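**Q** Here you go, sequence then predicted model.
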There are 4 protein chains.
Amino acid sequence: MASVNKVILIGHLGKDPEVRHLEGGTTVANFTMATNEYYKDKQGTRVERTEWHNIAAWRGLAELAEKYLHKGQQVYVEGRIRTRQYQDKDNQTRYVTEIVAEEISLLGSRPGTGAATQPTTAAVAEEQVTFRQEPELDQLPF
Amino acid sequence: MASVNKVILIGHLGKDPEVRHLEGGTTVANFTMATNEYYKDKQGTRVERTEWHNIAAWRGLAELAEKYLHKGQQVYVEGRIRTRQYQDKDNQTRYVTEIVAEEISLLGSRPGTGAATQPTTAAVAEEQVTFRQEPELDQLPF
Amino acid sequence: MASVNKVILIGHLGKDPEVRHLEGGTTVANFTMATNEYYKDKQGTRVERTEWHNIAAWRGLAELAEKYLHKGQQVYVEGRIRTRQYQDKDNQTRYVTEIVAEEISLLGSRPGTGAATQPTTAAVAEEQVTFRQEPELDQLPF
Amino acid sequence: MASVNKVILIGHLGKDPEVRHLEGGTTVANFTMATNEYYKDKQGTRVERTEWHNIAAWRGLAELAEKYLHKGQQVYVEGRIRTRQYQDKDNQTRYVTEIVAEEISLLGSRPGTGAATQPTTAAVAEEQVTFRQEPELDQLPF
DNA sequence: TTTT
DNA sequence: TTTT
């Protein structure tokens, strides 16, 4: 049956991407990204809540993430939700949910003006500030 | 800083919603929803992978979910990702990620034809097949 | 500069797709799709408003649209907005806005049960109820 | 029938919002917003295409748009597509498609660094960089 | 751990 | 012109 599993996030990276090269030559980059919500508690005080998202970028996107993304940067990430199982050290089943990135765009960067805050992106050709994962590769079992 | 945390899912309910009435009168409905992806493995065989999403609907949406949603039904859910911490029985910190629903629409329902599979929706007034959570309430700390 | 232009529609086809084969061998399918909104007017009467969207599917998506889509069918369409200029018969500049489809999913179809209402899709292999346009081709100047 | 009509745009304003106060006291703000796509033409040359979107913000959103948005600013806009008919001076029916904004977020603003390009936002309270239209009002026939 |  |  047809289904849709789509996530759209805009937020800031909590740290530089961590890049690993798996056996077989596949590259994967992981980073965290914060989004914030605001609400009023029962006393009417404004409260901020930060949500941390685990992002996984594969193959071509991983290499671009390694090259152009860094801590503090504002990005747009489009992807899908994936929950993985693993066994912890006590052999118990644990779950971790992450967002598999399908598209990443750098926000707030203005070649020529934003240089101070985003030095490494200043040299990125304009068309490269949006990166997209090829669907075929994206469908592989990660 | 402005940020966006948006999820769009189309899939089928894995079970009827479970509804709880919290102290203070707040209602919450929980259900699971499946999305599927297909890919070819290294041998070129088609493989299906099912992703299960935990959905939480609050207040008005919870009551509508209780009334109109049931196992097997195809729905559109729009919401945001939320990861909650809790202590397990061994006093270890665990995490569970869920989608807080902001809008739910019934799909594929055809009163008069689909009656066999979706009996309870047949009587739903047309405009009610889309439910939306009021933003103010939606911002409360759940 | 990075930008995002994304449209997500769920609605019913107003007519069968019209398919044209352009010089050069490119195929394009056009169809219309309705979405509805409900509101209360000043007298408190419920009013329905229908919005008609012009959808354009290119190349591989066009061929799949021709094969599997038909009037009345409920679909999910993801794509981008494009406004084209043309000269009318009085040589005046006119504008038409359409959605260039990037992904189309058939909704409400249940191979084996929904046969009566959606005969032509009953035979579609499950994984094919979602169609995606290859990005490279999708970027060509249509 | 349930349907979905959703648009997500990230781009820059082409001009300051134009604000009108209608008879009856309703406020509406209109502005244009650019998104860009890049593709290679038949000769393999990189080509940029700019898409201009007409945005309409109503009531509370209009007032916030008037206050905080200005030419050149990068914004996130979520809304729905609406095509309006009107009669031109030759009494011919014309169509114009616009995006009715439901949520607007300011992107790339960094009070203290981006001041030169975004002076008026520096004083915006943090939680206000995202604006949302109340759904009830949003459902009125504009 | 981000950002404002 | 769809759907309910």
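**A** Received the coordinates, thanks.
**Q** residues contacting residue A:12?
**A** Counting by CB atoms under 8 Å, 6 or more residues apart in numbering or on different chains, residue A:12 touches A:33-34, A:72-75, B:1, B:3. C-beta coordinates here come from the backbone N, C-alpha and C atoms, glycine included.
**Q** how near is residue A:6 to residue D:98?
**A** As judged by CB to CB, to the nearest Å, residue A:6 and residue D:98 stand 24 Å apart.
**Q** re the thing from before, looking at the contacts of residue A:12, spot the one nearest DNA strand F.
**A** Taking CB to the nearest atom of the strand as the measure, DNA strand F lies nearest residue B:3 of the contacts of residue A:12, at 34.5 Å.
**Q** ok, now which ones touch the closest one?
**A** A:9-12, A:34-36, D:105, D:130.
**Q** CSV for those, including pLDDT?
**A** Shown next, in CSV, are the contacts of residue B:3 (pLDDT from 0 to 100):
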residue, pLDDT
A:9, 98
A:10, 98
A:11, 97
A:12, 97
A:34, 98
A:35, 98
A:36, 96
D:105, 95
D:130, 81
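**Q** In strands, which of those fall?
**A** Among the contacts of residue B:3, the members found in strands (DSSP state E) are A:9-12, A:34-36, D:105, D:130.
**Q** Just the buried ones from those residues?
**A** Neighbour-count burial (16 or more other CB atoms under 10 Å in any protein chain shown) is assigned, among these, to A:9-12, A:34-36, D:105, D:130.
**Q** nearest to residue B:49, of those?
**A** residue A:9 (22.0 Å; CB to CB).
**Q** Surely residue A:76 and residue C:6 touch.
**A** No - Residue A:76 is beyond contact range of residue C:6, at 10.2 Å (criterion: CB atoms under 8 Å).
**Q** what about those two, which has more around it?
**A** residue A:76 (23 against 20; other CB atoms under 10 Å in any protein chain shown).
**Q** Report the contact partners of the closest residue to the more buried one other than its chain neighbours.
**A** Spatial nearest neighbour of residue A:76, chain neighbours left out: residue A:105 (4.1 Å); criterion: CB to CB, 6 or more residues apart in numbering or on different chains. Going by CB under 8 Å, 6+ apart, residue A:105 touches A:75-76, A:129-131, C:2-4, D:10.
**Q** residue in chain A nearest to DNA strand F?
**A** Counting by CB to the nearest atom of the strand, chain A gets nearest to DNA strand F through residue A:2 (16.8 Å).
**Q** Was I right to think that residue contacts residue C:131?
**A** No - if you go by CB under 8 Å, residue A:2 and residue C:131 don't touch, sitting 9.2 Å apart.
**Q** Of these two, give the one with the bigger neighbour count.
**A** Set residue A:2 next to residue C:131 and count neighbours by other CB under 10 Å: residue A:2 wins out with 26 against 21.
**Q** Next one: that one from residue B:108, what distance?
**A** From residue A:2 across to residue B:108, the span is 10 Å (CB to CB).
**Q** Would you tell me what helix or strand the most centrally placed residue in chain A is located in?
**A** With distances taken as CA atoms, centre = their mean, residue A:55 lies nearest the centre of chain A, 3.7 Å away. Assigned by DSSP states H and E, residue A:55 belongs to strand A:46-58.
**Q** what lines up beside that strand in the sheet?
**A** strand A:27-40 (antiparallel), strand A:93-106 (parallel) (DSSP bridges).
**Q** what secondary structure does the residue of chain A positioned farthest from its centre sit in?
**A** Ranked by distance from the centre of chain A (CA atoms, centre = their mean), the top residue is residue A:43, with 34.9 Å. For residue A:43, the assignment made with DSSP: H, G, I helix; E, B strand; the rest coil gives coil.
**Q** What's the local residue count around whatever residue of chain A ends up closest to chain D?
**A** Nearest residue of chain A to chain D, counting by CB to the nearest CB: residue A:108, 3.0 Å away. When neighbours are defined as other CB under 10 Å, residue A:108 has 22 of them.
**Q** Tell me how far the closest residue to it other than its chain neighbours lies from residue C:48.
**A** Counting by CB to CB, 6+ apart, residue A:108 lies nearest to residue D:108, which is 3.0 Å off, once chain neighbours are set aside. According to CB to CB, residue D:108 and residue C:48 sit 39 Å apart.
**Q** buried set for stretch A:79-86?
**A** A:79-82.
**Q** that older thread, now, which of the contacts of residue A:105 sits nearest DNA strand E?
**A** The closest of the contacts of residue A:105, once distances to DNA strand E are taken by CB to the nearest atom of the strand, is residue A:75, at 10.7 Å.
**Q** Which neighbouring elements make contact with the strand or helix carrying the closest one?
**A** Following DSSP H and E, one finds residue A:75 within strand A:74-87. When contacts are defined as 3 or more CB pairs under 8 Å, 6 or more residues apart in numbering or on different chains; DSSP states H and E, strand A:74-87 sits against strand A:4-13, strand A:46-58, strand A:93-106, strand B:46-58, strand C:4-13.
**Q** Distance to residue C:92 added to these, as JSON lines?
**A** Below are the helices and strands packed on strand A:74-87 laid out as JSON lines (distance: least, CB to CB, whole Å):
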{"stretch": "strand A:4-13", "distance to residue C:92": "39"}
{"stretch": "strand A:46-58", "distance to residue C:92": "48"}
{"stretch": "strand A:93-106", "distance to residue C:92": "37"}
{"stretch": "strand B:46-58", "distance to residue C:92": "50"}
{"stretch": "strand C:4-13", "distance to residue C:92": "27"}
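**Q** now those strands as TSV including distance to DNA strand E?
**A** Formatted as TSV, these follow (distance: least, CB to the nearest atom of the strand, whole Å):
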stretch	distance to DNA strand E
strand A:4-13	3
strand A:46-58	3
strand A:93-106	12
strand B:46-58	20
strand C:4-13	19
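**Q** The residue of chain A closest to chain D reaches residue D:74, doesn't it?
**A** Yes - using CB under 8 Å, residue A:108 is in contact with residue D:74, at 6.6 Å.
**Q** what do those two both touch?
**A** Shared contacts of residue A:108 and residue D:74, counting by CB under 8 Å, 6+ apart, come down to D:107-108.
**Q** Show me which positions of stretch A:20-35 end up buried.
**A** For stretch A:20-35, by 16+ other CB under 10 Å, it's A:27-35.
**Q** I'd like to know how far residue A:1 sits from residue C:69.
**A** Distance from residue A:1 to residue C:69, by CB to CB: 17 Å.
**Q** An error on my part: the question was meant for residue A:60.
**A** From residue A:60 to residue C:69 the distance is 32 Å (CB to CB).
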